[in-house]
Structure formats: C-alpha cells, structure tokens
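K.L.:
Need coordinates for the following:
(4 chains)
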Number of protein chains: 2
Amino acid sequence: MPKPREHPEEGSKSSKRADAQRNTEALLKAALAVFAKSGVDAPVREIAQKAGVGVGTVYRHFPQRSDLIVAVFRQEVDACADAAAVLAAKYPPTEALSRWMLRFTEFVAAKRGLAAALHSGDPAYEPLPAYYDGRLRPALAMLLDRAVAAGEIRAGVAPGDLLSAAVSLCRPAYDVAPDHTQRMLGLLIDGLRYGVGAR
Amino acid sequence: MPKPREHPEEGSKSSKRADAQRNTEALLKAALAVFAKSGVDAPVREIAQKAGVGVGTVYRHFPQRSDLIVAVFRQEVDACADAAAVLAAKYPPTEALSRWMLRFTEFVAAKRGLAAALHSGDPAYEPLPAYYDGRLRPALAMLLDRAVAAGEIRAGVAPGDLLSAAVSLCRPAYDVAPDHTQRMLGLLIDGLRYGVGAR
DNA sequence: AGCACAAGCGGAACGGTATTCCGTTTATAC
DNA sequence: GTATAAACGGAATACCGTTCCGCTTGTGCT
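P.N.:
Predicted coordinates:
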C-alpha cells in the first residue's frame, strides 16, 4: 500500500500530485480569461477546454462554481495587493501611489461582472469583502505612508476612504471616454498633494 | 369576421380578454412568491405551475424574464408607496412614519435578490431606480411633512437621505438578530425627533 | 341561444448547460 | 519495475429556457 506522504509539503503548496497542482493553476488562469470575456456565467466547458482539461477535472478542483469564482477573485486581489510592493520598490513614493491607484481602478473595472455575483446574496461570497479589505487596505496604507514620509502628500487620509473614492470614480467608466478614470485619478492624487507642509 | 372592440377599455385595464387578465395577475402573484422562496433565477416552470398555467402562457405575458422581474418589482414598489397613504389615514403622524419605515425595510430586505439583478448591467433594469425613487420618495415626503406639521419631528430632513439611511440599516439584517433592523429604525426615528421646537 | 373567429392556452419538443459517474490513465513510493 | 490510489476525461444524466403549433375558450354578432 502507498505510504502516507513523506514530504507533506513540496515546493510551496499543499501535498497534491504535481499534475493536479498544474491543473489547478491552469484552471485559474483559464477562468480568469473566460470570465473577463464572457462573464461569470460562462459555460464550464469553455473554461475546461481553455485549460486543456475535462469538465470532470473542473468539478474535482472546484466543486461549486462559486469556489472557482472566489479563487479567481482572491488571486486577483492578491496580485493587486502585491503590485504595491513592486511599485514601491521601483518608483518614487507618489508616483508609486499614483500608478497603484490606476492599477486598482483597472482591477475594479475588470471585476464589475464579479461584483454582481458578490452581491447576489450567496453566502459563499460573504467572506470576500473582508478579504478584499484586509489585503488592499494595508497595501494602500503602505504607499500612503511612504508618500507622507517623503513629504509629498499630506497626512491624515484614511486608506479606506481613498479606496472607496477610487471605486466611485470608475463607476461611470464604461460609458465615458476611456481616459476619464485616469484623469479623475490624477485629480484625486493632486488633491492629496494639496496643503503639504501646511501644519 | 369579429369586429374591432367596441369597448376599448373594460373594467379598468387595457383591452384584454378576461382570462388573460386573470392569468397576468396570477403570474405576478406566483412570481412574487417563487422569487421570494427561490430567488429570481427560479425555474420558469415553477412559476407557471404555481400560477396554474402552462409555460407558454408565461412567455406570452412576459416575453423576457426581465419583464416579469420588472413587473413584480414595480408592483411591490407601488404596494409600498401606497401603504404610506393607508398608514397616514390610520395612525398619528409619527407613528405612521415609523410604521412605514418598517414596512419599507421589509420591502428592501425581501428584495435583496432582485437588487442583484438590478445591478447586473442588463439595460432592461435601467429605468427601475428612477421608478423606485419617483414613487417612494414622494410617499415618504408626505409622511415627513405631516409629522413636521404636527410638530413631532424637526424639519429639514431630506426624504432621499432617510431612504438611503434605512437601506443601509437593513444591510446586515440577514446575519444579525431579526429585531436588529427594528431597533435601528427606532433610533433613527428618535433622531428625527431630536431638537423639535429648538430654533 | 348559436356561431365564427381570433386571442389565448398548454405542453411537447428542441437546444443547450450543469453535474455526476465510472472506467482509464498517471504520478508517486517503494 | 510495480503496486496503489489519486486524478483524469468525457459519456451519460438531469434540468432549464425557449419555441412552436394544434387545441380551447372568451367575445361580439345575429
């Protein structure tokens, strides 16, 4: 009989067979693309095909459709949050902040389809807002702190408020000139700069 | 050949055959119940069965699913708005206001499933918020005016703000003690009373 | 009352999707 | 190399939306 795993962890993921691991990743990638193109109600077959697996495999990894949606959402939130550190290392404080805000609004715009699912009342999505907030708010707080420390923007701006404001700004993004969001964001960042050095 | 209708209107509705009229009403009633129990994505067959008609009849009256949803929504909005006049005639001003607010939060809580559909981006639902506002805001304004005129609450409260506040209050209603909304509403009404006669 | 006719009706039929199930394949430990 | 269980694929099943058309029924007329 096969012994229990000797190495409960391999690489960095939980103990799963290598092919299963690959398929999980392929599915997440495929689902991201398909959701973006056809919405979260896209046929499961389409996702399976794009990932190069059978439908059975989709259900093995994500028994509920909501499991797949949640996984994609969390992955995207993580990517957006992680981008903060990368940008902070690469650009001066306020430019990093500005670029991240733009990145964030792209995330929000791209996930408009998911947003409807989140508010559907399905309890499976209940923990997502907390996850979203827990990852994104600290990321933005870090960027804000750096810009404040550099004396480039004023202190006292709550990260949560700024996130909400950015979300509001990209609300009409789909029936307005595409650079509208970008210009509004510019205004928002300029607003943060206002009064630097004033007490 | 059958002549064109002599009496273009009969009773109070548009010129339709009596059975068609009955079926439309039965469908609205059934859809209301089914939507409440199983959400707006409930099977059409289920609604048809509950109304005692065939599925073909559903599609005859409501070619698009969204037509049925919109009709149910408007009917409920109307019922809620009309309740204002009934309550105003039956209770003293502030009690009528209080009771109506409770009635309104019940409406919002019951329509959480519909709310998701409203934000789905389907253009069929686009005119609904305006309808909602156009019916409910005047209803609430009337109740507020009466309470103000009676000197029971202070003036200057915008009906729209109060509606929004009430909606926010019942947001967490589904994972909190059921009387939570009621208590919060009590606070809200008390807040309106504050400062009467001041100035 | 009886008739003619179109509006209205019911539900079978069609096309498509989600979900399950199980025989086959494959990664892993020894 | 081999045994074993995890994982896979896709056919099969179960639903659901939507259409279509022969049948029923309300209505206005005589």
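K.L.:
so how far is DNA strand C from the one residue in chain A that gets nearest to DNA strand D?
P.N.:
Of all residues in chain A, A:Gly56 sits closest to DNA strand D, with a separation of 2.0 Å (CB to the nearest atom of the strand). For every residue, glycine as well, the C-beta is placed using N, CA and C. According to CB to the nearest atom of the strand, to the nearest Å, A:Gly56 and DNA strand C sit 4 Å apart.
K.L.:
Contact partners for the spatially most central residue of chain A?
P.N.:
Centroid-nearest residue in chain A, with CA atoms, centre = their mean: A:Val77, separated by 2.2 Å. The contact partners of A:Val77, taken as CB atoms under 8 Å, 6 or more residues apart in numbering or on different chains, are A:107, A:131-132, A:135-136.
K.L.:
one step back: now for the helix or strand harbouring the residue of chain A closest to DNA strand D, which elements pack on it?
P.N.:
Here A:Gly56 sits within helix A:55-61, counting by DSSP states H and E. If contacts are counted by 3 or more CB pairs under 8 Å, 6 or more residues apart in numbering or on different chains; DSSP states H and E, helix A:55-61 sits against helix A:18-38, helix A:44-51.
K.L.:
average pLDDT across the last one?
P.N.:
So the one you mean is helix A:44-51. What helix A:44-51 shows for mean pLDDT is 96.
K.L.:
Same check on stretch A:102-115?
P.N.:
85.
K.L.:
Is that stretch positioned near chain B?
P.N.:
Yes: counting by CB under 8 Å from any CB of the partner chain, chain B has neighbours in stretch A:102-115: A:112-113, A:115.
K.L.:
Which ChimeraX command selects the buried ones in these?
P.N.:
Buried residues among the residues of stretch A:102-115 next to chain B (16 or more other CB atoms under 10 Å in any protein chain shown), as a ChimeraX selection:
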select /A:113,115
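K.L.:
and the residues of stretch A:102-115 next to chain B as TSV, adding secondary structure?
P.N.:
As requested, those are exported to TSV (DSSP: H, G, I helix; E, B strand; the rest coil):
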residue	secondary structure
A:Arg112	helix
A:Gly113	helix
A:Ala115	helix
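K.L.:
Show the subsequent helix or strand relative to the helix or strand containing the residue nearest to the centre of chain A.
P.N.:
Taking DSSP H and E as the criterion, A:Val77 maps to helix A:65-90. Remark: after helix A:65-90, the chain's next helix or strand is helix A:93-110, criterion DSSP H and E.
K.L.:
Up against DNA strand D, what does chain A have?
P.N.:
Chain A comes close to DNA strand D at residues A:1-2, A:16-17, A:19-20, A:23, A:52-57, A:59-61, as judged by CB under 7 Å from any atom of the strand.
K.L.:
For the residues you listed, work out which two are farthest apart.
P.N.:
For the residues of chain A next to DNA strand D, the farthest-apart pair by CB to CB is A:Met1 and A:Gly52; their separation is 32.0 Å.
K.L.:
Neighbour count for these two, which is higher?
P.N.:
A:Gly52 (12 against 3; other CB atoms under 10 Å in any protein chain shown).
K.L.:
Among the contacts of A:Val77, which ones are in helices?
P.N.:
Secondary structure defined by DSSP state H assigns A:107, A:131-132, A:135-136 of the contacts of A:Val77 to helices.
K.L.:
Can you list the low-confidence ranges for chain A?
P.N.:
Applying pLDDT under 70 to chain A flags residues A:1-14, A:169-178, A:195, A:197-199.
K.L.:
Number of residues surrounding A:Gln64?
P.N.:
Neighbour tally, A:Gln64, other CB under 10 Å: 11.
K.L.:
Chain neighbours aside, what residue packs nearest to A:Leu192?
P.N.:
A:Ile153 (4.1 Å; CB to CB, 6 or more residues apart in numbering or on different chains).
K.L.:
Pretty sure that neighbour sits in a strand.
P.N.:
No: assigned with three-state DSSP, A:Ile153 falls outside any strand and is coil.
K.L.:
What's the separation between A:Tyr91 and A:Thr105?
P.N.:
Remark: distance between A:Tyr91 and A:Thr105 (CB to CB, to the nearest Å) = 17 Å.
K.L.:
Which of the two has more residues huddled nearby?
P.N.:
More crowded of A:Tyr91 and A:Thr105, by other CB under 10 Å: A:Thr105, with 19 against 14.
K.L.:
What separation is there between the residue nearest to A:Leu192 and A:Pro63?
P.N.:
The value you get for A:Ile153 to A:Pro63, if CB to CB is used, is 46 Å.
K.L.:
neighbour count winner among the two?
P.N.:
In terms of neighbours (other CB under 10 Å), A:Ile153 is the more surrounded of A:Ile153 and A:Pro63; the figures are 24 against 10.
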